[in-house]
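> Build me a structure from this.
(one chain, ligands or ions: 1)
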Amino acid sequence: MAKGIGFGKVILFGEHFVVYGKASIASGISSHTTAELVPGTEPGFKIIDNRNTAEGYKEKYAEAQRESVIRMNNAVWNQDFQNTPVQVTLAGDLYCASGVGASAANCVAMARAVSQHFNLNLTDEQINQCGLEGDKAYAGTPSGIDNTCSTYGGLIFFRKNMEGGPNQMDKLTLGKPLHILLVSTGVTTKTSIAVESVRERRALNSKEYDAIFDEAEEIVHQAKDALANSDLERVGQLMNYNHELLQKIGVSCEELDYLVDFTRQNGAIGSKMTGGGMGGYMVALFPDAETQEKAALACEGEGFKLMRARIG
Ligand code: MEV
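From the prediction side, this is the model:
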């Protein structure tokens with residue numbers, strides 16, 4: 001049986017702004033999606049989706065998932081699944097909801113499994129290209145940050161190349177690990193809808209948005225320094241500030257704001273929405289593992305699904 005995995009991701013700074021070539025900081029997380037591939041019994045590319053997901057997630061993305069396979073096949077695999085059918089089973093410990101790179105993770109996992117099964121020997125760069133092509137079915141014009149985290153893992157500084165050449169990806173190292181929680185609102189909104197809504201509002205308010213986008217870029221540079229200096233208090237402040245900017249461009253929502261406040265009240269030194277927003281996940285940073293665990297139990301006590309993660 002051929003197997004592949006794709007990591008989930010967390011954007012710590014710069015989602016949405018990154019689509020327009022602004023800087024961002026993100027990390028792969030250990031939670032991942034797995035793809036197990038065997039020869040199929042009927043023509044085509046059959047997917048059995050056993051991933052643990054938010055309610056309505058699979059239905060909402062079923063069409064995009066089918067399209068992502070066609071895109072990856074056209075761009076990189078070039079296989080004839082009518083004559084050499086396959087069956088792919090998706091699973092893993094990534095709780096799939098908007099905001100943690102679940103779509104890129106399932107594309108990367110499938111690409112790795114297809115590569116192994118058909119002996120394509122795809123390089124990480126080609127797997128990353130599959131992730132980007134596949135993610136277009138979900139996100140419209142993805143910046144590339146999700147598939148990059150999903151393919152390579154680790155903490156990165158990322159900037160999309162707006163001319164179409166290779167994106168900037170610099171690995172970052174940390175003096176102190178980051179203890180974070182990723183808490184799901186339970187609301188699923190397509191990333192493409194959130195990205196499009198920003199595009200529309202930006203077109204109507206270009207002056208105001210340009211200023212916000214410049215502030216977002218500045219936050220990322222300050223965050224990069226704070227991370228390098230292990231100044232977690234400052235990292236937390238900048239996350240809070242980043243959340244305010246995301247509120248200003250209209251991609252937060254009541255459920256996200258509630259969780260941002262709730263985690264702050266429960267010991268977070270910084271919290272913000274993460275990913276596309278309008279639902280999905282938020283991320284909270286804690287000073288240590290003990291505070292992280294206390295807050296996790298408080299969120300779970302309120303019925304929220306979450307993932308505990310350690311970066312670095
Ligand atoms: C989605 O995880 C992050 C966004 O910035 C979209 C993208 O970068 O493609 C909202």
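> so which strand or helix has residue 100?
Secondary structure from DSSP states H and E places residue 100 outside every helix and strand.
> Could you check how far it is from residue 312?
18 Å (Cβ to Cβ, to the nearest Å). Placement of C-beta: from N, CA and C, glycine included.
> the more surrounded of the two?
residue 100 (30 against 15; other Cβ atoms under 10 Å).
> residues touching the closest residue to the more buried one other than its chain neighbours, list them.
Spatial nearest neighbour of residue 100, excluding adjacent residues (Cβ to Cβ, 6 or more residues apart in numbering): residue 8 at 4.5 Å. Residues counted as contacts of residue 8 (Cβ atoms under 8 Å, 6 or more residues apart in numbering) are 28, 29, 31, 32, 33, 94, 100, 101, 102, 105, 150, 307.
> now with 10 Å?
Residue 8 makes contact with 27-33, 92-96, 99-102, 104-105, 146, 149-150, 153, 182, 281, 307, 309, according to Cβ atoms under 10 Å, 6 or more residues apart in numbering.
> Buried by neighbour count, from the residues you listed: which ones?
Buried subset of those (neighbour count, 16 or more other Cβ atoms under 10 Å): 27-29, 31-33, 92, 94-96, 99-102, 104-105, 146, 149-150, 153, 182, 281, 307, 309.
> so which of those are also by the ligand?
By Cβ under 6 Å from any ligand atom, the members of these lying near the ligand are residue 146.
> Now the residue of the chain most remote from its centre: closest residue in space that isn't a chain neighbour?
Of all residues in the chain, residue 83 has its C-alpha farthest from the mean position, at 34.0 Å, by Cα atoms, centre = their mean. Closest residue in space to residue 83, ignoring its immediate chain neighbours: residue 43 at 7.5 Å, by Cβ to Cβ, 6+ apart.
> pretty sure the one you found contacts residue 81?
Yes. If you go by Cβ atoms under 10 Å, residue 43 and residue 81 touch, sitting 7.1 Å apart.
> Please say which of these two ends up with more neighbours.
Per other Cβ under 10 Å, whichever of residue 43 and residue 81 has more neighbours is residue 81, with 17 against 12.
> can you pull out the helices in the protein?
Secondary structure of the chain by DSSP state H: the helices cover 57-72, 102-117, 124-139, 145-152, 191-204, 206-228, 232-248, 254-265, 289-301.
> What parts of the stretch 201-312 of the chain come near the ligand?
Contact residues (Cβ under 6 Å from any ligand atom) of the stretch 201-312 of the chain with the ligand: 275, 276.
> Please tell me I have it right and residue 117 contacts residue 81.
No. Taking contacts as Cβ under 10 Å, residue 117 lies outside contact range of residue 81: 11.1 Å.
> Break this protein into its domains for me.
The record's domain split for the chain, according to automatic domain parsing, is 2-171, 178-311.
> Show me what the top strand by length along the chain pairs with in its sheet, parallel or antiparallel.
For the chain, the longest strand by residue count, based on DSSP state E, is strand 24-39. Using DSSP bridges, the strands paired with strand 24-39 are strand 2-13 (antiparallel), strand 86-92 (antiparallel), strand 155-159 (antiparallel).
> I'd like to know which of these lies nearest to residue 256.
Using Cβ to Cβ as the measure, strand 2-13 is the one of the strands paired with strand 24-39 that comes nearest residue 256, at 13.5 Å.
> Give me the buried stretch members for the closest one, please.
Applying a neighbour-count criterion of 16+ other Cβ under 10 Å, the buried positions in strand 2-13 are 2, 4, 5, 6, 7, 8, 9, 10, 11, 12, 13.
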